[in-house]
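Fold the following and give me the result.
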Amino acid sequence: MKPGNRRYGGTCAIMPNRRIADETGERCFLNVVFSLIAASLLFVALASVAAAEAAQVYEDFAEKPRWDAKNNRPDPNDYGTTTQDFGHSWTRHAGGEPGEVGGTIARSYRPAYYARPIAGKTLEDYLHASGTFSVTHSDGGSGVLIGWFNRASRGWRTPNSLVFRVDGESGQFRVLFEYGTRTWKTGGGATFEGIYQTTKTPMFLADGSPHDWTLEYDPAGAAGNGEMRFALDGNTYTAALASGHKQEGATFNRFGMLNQQVSGSSLTVYLDDLTIDGETVGLDLTGEARENNAVFDRFGILSLQSGGHFAEVFLDDISYTAERRSGGLERKTR
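Purely as a prediction, here's the structure:
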């Protein structure tokens, strides 16, 4: 066979054998068809890319774009409200006799508490408290802190606090215990296995059942780093303070119920049979209160933390919009 007369390799030639020539011709015809199809598809793809590039529009949003929108802004006349309604109550959810403290407590950036003033305590002091609590209702994303804190405590993962936290889900709750130093260093433990998002430990039901608890802090525990011990319904859990956190320090001047200062919803919890550092406490807690009976717009406070300093901007009865630009955040009120 001469160099040009091949049956493969992409060269089409007249073959001396008619049958072989027919097969080769058919193959060459198919190759030509497939090549034309491939070329057509490539052309269409390149044309589509060129058309898309030609249709692109640059938008720097220097002016309000005329985009279509639906329900992307809240009703300026209906932001909803947050209700705090807790304190002394003549109910008996958590104990046997009428008289307890508690009620409906909502997460909010706006602080709310009902507490007993106490002589100043620090992380160098031994602390012990016990009692019972009952959760009768909980929404998802709710929570309350119970324990020692400072009347000036502000912020999520509250500084100057040593507490247990009732964390509400819809009709259920979990319990954690935690501390916060004066410089926002935090730590603690939980009453379930693993991590919050994936634990297989069942939640407690918010069905009004009373639960016995004890919260204890030993400054000499964990080889001198300090240790928290929390007992719930007969089960005991421990958590050592991280190295150096005891030296960071914390100051407590209140014991009671404090809302979690982050956006969220509410739960209803009651506290009874309370003992603080060996003293049985009257259930009015000789009470001091802040915003524990209040109704306000949900957008009513903006809390900012920067450089270790905490600032509050109260915006009650003011609606606002915020626009983030390359130079920062521009806030407009109206």
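
Can you give me the domain boundaries for this protein?
Domain assignment for the chain, taken from automatic domain parsing, gives 1-57, 81-298, 299-334.

Show me where the stretch 201-334 of the chain has its strands.
For the stretch 201-334 of the chain, applying DSSP state E, counting those that start in this stretch gives strands covering 204-205, 210-218, 227-232, 235-240, 251-259, 266-276, 279-280, 288-290, 293-297, 301-306, 309-314, 320-325, 328-333.

Show me what the third one packs onto, helices and strands only.
I take that to be strand 227-232. For strand 227-232, the packing partners by 3 or more C-beta pairs under 8 Å, 6 or more residues apart in numbering; DSSP states H and E come out as strand 172-180, strand 186-190, strand 210-218, strand 235-240. Where C-beta positions appear, they are placed from N, C-alpha and C, glycine not excepted.

Check the first one too.
Of the remaining helices and strands, those touching strand 204-205 by 3+ C-beta pairs under 8 Å, 6+ apart are strand 172-180.

For Pro159, grab phi and psi.
Main-chain torsions, Pro159, degrees, to the nearest 10: phi -70, psi 160.

got it, and Arg154?
Summarising the backbone geometry of Arg154 under the convention degrees, to the nearest 10, its torsions are phi -140, psi 140.

I figured it was touching Gln261, is that so?
Yes: taking contacts as C-beta atoms under 8 Å, Arg154 lies within contact range of Gln261: 6.3 Å.

Who has more neighbours out of these two?
Counting neighbours by other C-beta atoms under 10 Å for Arg154 and for Gln261 shows that Gln261 has the greater number, 24 against 16.

need the contact list for the more buried one.
When the contact criterion is C-beta atoms under 8 Å, 6 or more residues apart in numbering, the partners of Gln261 are Arg107, Ser108, Tyr109, Arg110, Pro111, Arg154, Gly155, Trp156, Thr158, Ser303.

Filter these down to the buried ones and express that as a ChimeraX selection.
For the buried members of the contacts of Gln261, the matching ChimeraX selection, counting by 16 or more other C-beta atoms under 10 Å, is:
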select :107,108,109,110,111,154,155,158,303
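
got TSV for the contacts of Gln261, with secondary structure too?
As requested, the contacts of Gln261 are exported to TSV (DSSP: H, G, I helix; E, B strand; the rest coil):
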residue	secondary structure
Arg107	coil
Ser108	coil
Tyr109	coil
Arg110	coil
Pro111	coil
Arg154	coil
Gly155	coil
Trp156	coil
Thr158	coil
Ser303	strand
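
For burial, what's the neighbour tally of Glu63?
As a burial measure, Glu63 scores 7 neighbours (other C-beta under 10 Å).

Ok, Ile118 next?
If we define neighbours as other C-beta under 10 Å, then Ile118 has 17 of them.

Any buried residues in stretch 220-235, and which?
Neighbour counts using 16+ other C-beta under 10 Å place Gly221, Ala222, Asn225, Gly226, Glu227, Met228, Arg229, Phe230, Ala231, Leu232 of stretch 220-235 among the buried residues.

nearest spatial neighbour of Arg92, skipping sequence neighbours?
Spatially, and ignoring its direct neighbours in sequence, Arg92 is nearest to Pro98 (4.9 Å; C-beta to C-beta, 6 or more residues apart in numbering).

low-confidence ranges in the stretch 151-300 of the chain?
Low-confidence segments of the stretch 151-300 of the chain, defined by pLDDT under 70, span residues 282-287, 289, 291, 293-300.

ok, the closest residue to Pro117 other than its chain neighbours - contacts?
Nearest-residue entry for Pro117: Glu288, 5.5 Å, with adjacent residues in sequence omitted and distances by C-beta to C-beta, 6+ apart. Residues in contact with Glu288, defined by C-beta under 8 Å, 6+ apart, are Tyr113, Tyr114, Ala115, Arg116, Pro117, Arg151, Arg254, Gly256.

Could you list everything Glu288 pairs with in the sheet?
Here Glu288 sits in beta bridges with Ala115, going by DSSP bridges.

roughly how far apart are it and Arg151?
Between Glu288 and Arg151 the distance, using C-beta to C-beta, to the nearest Å, works out to 8 Å.

Which neighbours do these two have in common?
Counting by C-beta under 8 Å, 6+ apart, the residues touching both Glu288 and Arg151 are Tyr113, Ala115, Arg254.

Could you verify my assumption that the second one touches Met257?
Yes: between Ala115 and Met257 there is a contact under C-beta under 8 Å: 6.8 Å.

Those two: which is more packed in?
Met257 (29 against 24).

dump the residue contacts of that one.
With contacts taken as C-beta under 8 Å, 6+ apart, Met257 has the following neighbours: Phe86, Val101, Gly102, Ile105, Tyr113, Tyr114, Ala115, Val144, Leu145, Ile146, Val269, Leu271.

In this structure the last one contacts Val135, no?
What it means is Leu271. No: when contacts are counted by C-beta under 8 Å, Leu271 is not listed as touching Val135 (10.6 Å).

Would you mind measuring from Arg290 to Ala119?
When C-beta to C-beta is applied, the distance between Arg290 and Ala119 equals 20 Å.

Between those two, which has more neighbouring residues?
Arg290 (16 against 8).

ok, back up a step: show me which of the contacts of Glu288 are buried.
The buried subset of the contacts of Glu288 (16+ other C-beta under 10 Å) comprises Tyr113, Tyr114, Ala115, Arg116, Arg254, Gly256.
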